[in-house]
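Sequence first, predicted model second:
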Amino acid sequence: MTTQAYLITGGTTPDGVRNDVLLDAGEVLAVGADATAQAVERSAEHVDATGRIVLPGLVDLHTHLREPGREDAETVETGTRAAAMGGFTSVHAMANSTPVADTAGVVEQVWQLGREAGWCDVHPVGAVTVGLAGEKLAELGAMAASRAQVRMFSDDGICVWDPVLMRRALEYVKSFDGFIAQHAQEPRLTDGAQMNESELSSVLGLPGWPAVAEESIIARDVLLADHVGSRLHVCHVSTAGSVEIIRWAKSRGIQVTAEVTPHHLLLTEELVRSYDPVFKVNPPLRREADVMALREGLADGTIDTVGTDHAPHPAEAKQCEWSVAAMGMTGLETALPVIQQSMVDTGLLDWAGVARVMSMTPAIIAGLTDQGLVSAEGVLQSSVPANITVYDPRETRVVDPEQHTTKSRNSPYRGMTLPGRVTDVFLHGHRVVADACLATPRRASS
Ligand SMILES: NC(=O)N[C@@H](CC(=O)O)C(=O)O
């Protein structure tokens, strides 16, 4: 099969250098003068990236694609289209579908749907416990050995509360270099919780979700991970105290990684004053001081990655009273703009840092091969696969969820002005987004 070669011209690579980038046959063939020189003989199509940033394709460790079972909210097809439009070339599909992704059959189904869609690579996450019920371990080994090659396991949406089960899960996944991604929420401390526990929750009369409910589980789990010598990943860290615990664990050499969502880096509990359920999310939006600690933690490497926790919900689950509304926000299509606003425009991260937290590090955590793409200094390297995202940081836009590609409209940024726009995305060298519009999907060869 012959493939189209592309020369991305005039863009800035994450190291801050203006470089042409040549893609051919699914590879980043050359960067810089070599790329320009080789482009002619390969009849490369030129893609003008002047003034734009050329990033390695983004990798999300935390995406809810909802299929099977909640196709009214999202499907693998619509969710991966949204991922591509957001600049993601890999997503990890959380297991809280219906049925739950707790068998080799279900993870293979999601993996296959991802391949058929062709908008980005889909890596299914396996459930830790059968039916997310927290009672007995799911078929972790069978999911790892399946065609989906699952390495990440999570009951996300629900905490693996039982310490014995958590210990066994951590021990079990070691044999195939897997890891457990914990949704850290002590269930008894958050029974009926509706928002962050604070002065504001008393004012608003909503049951509070205290920071200690997250922090106590993270503290327990880093100790368990240490005890059994296994890998723990902490989903959607949301409090200043959690950052402190993870910093402490890392200083002791414990194998823990952590993610923060874009919304926890930008939004605070103050938005709940509106009683608009679009701001209802788990874990809840916290205080300004937490937002600042999360930004600092991401900048200094305590928090390793950004995970979107893209959680689409149909209109009826959100356009209702606060107390009965579903928790969750869409996030794939606004992630990079929110990171620009909260981390880059504030001087906390440069583009090499963005490449690190949104591409290289999540790829390394998940064991993907995309990790060779960019060095710590942000130098883009010749590598396979050619997963590239071109981003224009100069544009600003008022967010209109009606224009989003995801099937759901529950974006908390509606009406906000955010910077930046993803203009082009290459998936294994195939141009899936062109000039900020979906192009054609990549058809897997086998
Ligand atoms: N993040 C959310 O608010 N919602 C998630 C699950 C969860 O993590 O609670 C969802 O699946 O909707």
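Happy to help now that I have it.

Contact residues of this protein facing the ligand?
Residues of the chain lying close to the ligand by CB under 6 Å from any ligand atom are H64, N96, D156, G157, H183, V281, N282, D309, A311, M327, G328. Where you see a C-beta, it was placed from the backbone N, CA and C, and this is true even at glycine.

5 Å instead, please
Within reach of the ligand by CB under 5 Å from any ligand atom, the chain has these residues: H64, G157, V281, N282, D309, A311, M327, G328.

how far away is the fifth one from F176?
To tie it back to what came earlier, the one meant is D309. 25 Å (CB to CB, to the nearest Å).

which one of these two has more residues nearby?
Neighbour count, other CB atoms under 10 Å: between D309 and F176, D309 has more, with 30 against 15.

quick one: pLDDT of that one?
We have a pLDDT of 99 for D309.

Over to S382?
Looking at S382, its pLDDT is 79.

ok, it - contacts?
E27, V28, L29, A30, V31 (CB atoms under 8 Å, 6 or more residues apart in numbering).

top of those by neighbour count?
For the contacts of S382, the largest number of neighbours (other CB under 10 Å) sits with V28, at 27 neighbours.

Work out for me the element that residue sits within.
strand 27-31 (DSSP states H and E).

what's the average pLDDT for that strand?
Here the average pLDDT along strand 27-31 is 92.

For this structure, just list every one of the helices.
For the chain, applying DSSP state H gives helices covering 33-39, 76-85, 104-117, 140-145, 163-173, 199-204, 211-228, 240-251, 262-266, 288-299, 315-318, 335-339, 351-355, 361-366.

Dump these into JSON lines; add mean neighbour count as well.
JSON lines is the format used below for the helices of the chain (neighbours: other CB atoms under 10 Å):
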{"stretch": "helix 33-39", "mean neighbour count": "16"}
{"stretch": "helix 76-85", "mean neighbour count": "27"}
{"stretch": "helix 104-117", "mean neighbour count": "20"}
{"stretch": "helix 140-145", "mean neighbour count": "20"}
{"stretch": "helix 163-173", "mean neighbour count": "19"}
{"stretch": "helix 199-204", "mean neighbour count": "14"}
{"stretch": "helix 211-228", "mean neighbour count": "20"}
{"stretch": "helix 240-251", "mean neighbour count": "20"}
{"stretch": "helix 262-266", "mean neighbour count": "25"}
{"stretch": "helix 288-299", "mean neighbour count": "19"}
{"stretch": "helix 315-318", "mean neighbour count": "15"}
{"stretch": "helix 335-339", "mean neighbour count": "26"}
{"stretch": "helix 351-355", "mean neighbour count": "22"}
{"stretch": "helix 361-366", "mean neighbour count": "22"}
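
Adding distance to R414, write the ones you listed out as CSV.
Formatted as CSV, those follow (distance: least, CB to CB, whole Å):
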stretch, distance to R414
helix 33-39, 40
helix 76-85, 16
helix 104-117, 27
helix 140-145, 37
helix 163-173, 38
helix 199-204, 21
helix 211-228, 27
helix 240-251, 28
helix 262-266, 13
helix 288-299, 20
helix 315-318, 11
helix 335-339, 13
helix 351-355, 24
helix 361-366, 27
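
right, so of those, which gets closest to E377?
helix 351-355 (6.0 Å; CB to CB).

List only those of the residues of the chain next to the ligand flagged as buried.
For the residues of the chain next to the ligand, a burial check counting by 16 or more other CB atoms under 10 Å picks out H64, G157, V281, N282, D309, A311, M327, G328.

Sketch out the low-pLDDT regions of the stretch 251-400 of the chain for me.
The model of the stretch 251-400 of the chain has pLDDT under 70 over residues 370-372.

Please enumerate the strands of it.
256-260, 305-306, 388-398 (DSSP state E, counting those that start in this stretch).

before we move on, what about the stretch 1-150 of the chain?
In the stretch 1-150 of the chain, the strands defined using DSSP E, counting those that start in this stretch lie at 6-12, 18-24, 27-31, 45-48, 53-56, 58-63, 88-93, 121-124.

Okay, buried residues for the fourth one please.
Buried residues in strand 45-48, counting neighbours by 16+ other CB under 10 Å, are found at V47.

so L348 sits right up against R295, yeah?
Yes. The pair L348 / R295 is scored as a contact, 5.6 Å apart, by CB atoms under 8 Å.

Mind listing the shared neighbours of the two?
Shared contacts of L348 and R295, defined by CB under 8 Å, 6+ apart, are found at S342.

if I pick T268, what's in contact with it?
By CB under 8 Å, 6+ apart, the contact set of T268 is L285, R286, R287, E288, D290, V291.

thought the second one was touching V237?
If I follow you right, that is R286. No. Between R286 and V237 there is no contact under CB under 8 Å: 10.3 Å.

and these two? which has more neighbours close in?
Remark: of R286 and V237, V237 carries more neighbours, 30 against 25, as counted by other CB under 10 Å.

ok, the more buried one touching V260?
Yes. With contacts counted by CB under 8 Å, V237 reaches V260, the gap being 5.3 Å.

Who does L23 form a beta bridge with?
On the basis of DSSP bridges, L23 is bridged to Y6, V28.

Can you get me a residue count around it?
The tally of other residues near L23 (other CB under 10 Å) stands at 29.

Check the gap between it and the ligand for me.
The gap separating L23 from the ligand is 35 Å, by CB to the nearest ligand atom, to the nearest Å.

List the contacts of that residue.
A5, Y6, L7, I8, L29, A44, A386, I388, F426, G429.

rerun that using 7 Å as the cut-off
Remark: with contacts taken as CB atoms under 7 Å, 6 or more residues apart in numbering, L23 is in contact with A5, Y6, L29, A386, I388, F426, G429.

Taking the stretch 1-150 of the chain, what residue is nearest to the ligand?
For the stretch 1-150 of the chain and the ligand, the shortest gap (CB to the nearest ligand atom) falls at H64, measuring 4.6 Å.

Go ahead and confirm that residue touches M94.
Yes. Judged on CB atoms under 7 Å, H64 makes contact with M94 at a distance of 4.9 Å.

So which of the strands of the stretch 251-400 of the chain is nearest A83?
Among these, strand 388-398 comes nearest to A83, with 10.9 Å by CB to CB.

Let's see the closest one as CSV, backbone CA atoms only.
What follows is strand 388-398, C-alpha atoms only, in CSV (Å, rounded to 0.1, in the frame of the first residue of the first chain):
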residue,chain,number,x,y,z
ILE,A,388,1.7,14.3,15.3
THR,A,389,-0.6,17.1,16.5
VAL,A,390,-0.4,20.6,15.0
TYR,A,391,-1.7,23.2,17.3
ASP,A,392,-2.2,27.0,16.8
PRO,A,393,-1.9,28.7,20.1
ARG,A,394,-2.6,32.2,18.7
GLU,A,395,-6.3,31.7,18.1
THR,A,396,-8.9,32.4,20.7
ARG,A,397,-12.5,31.0,20.6
VAL,A,398,-15.7,31.2,22.6
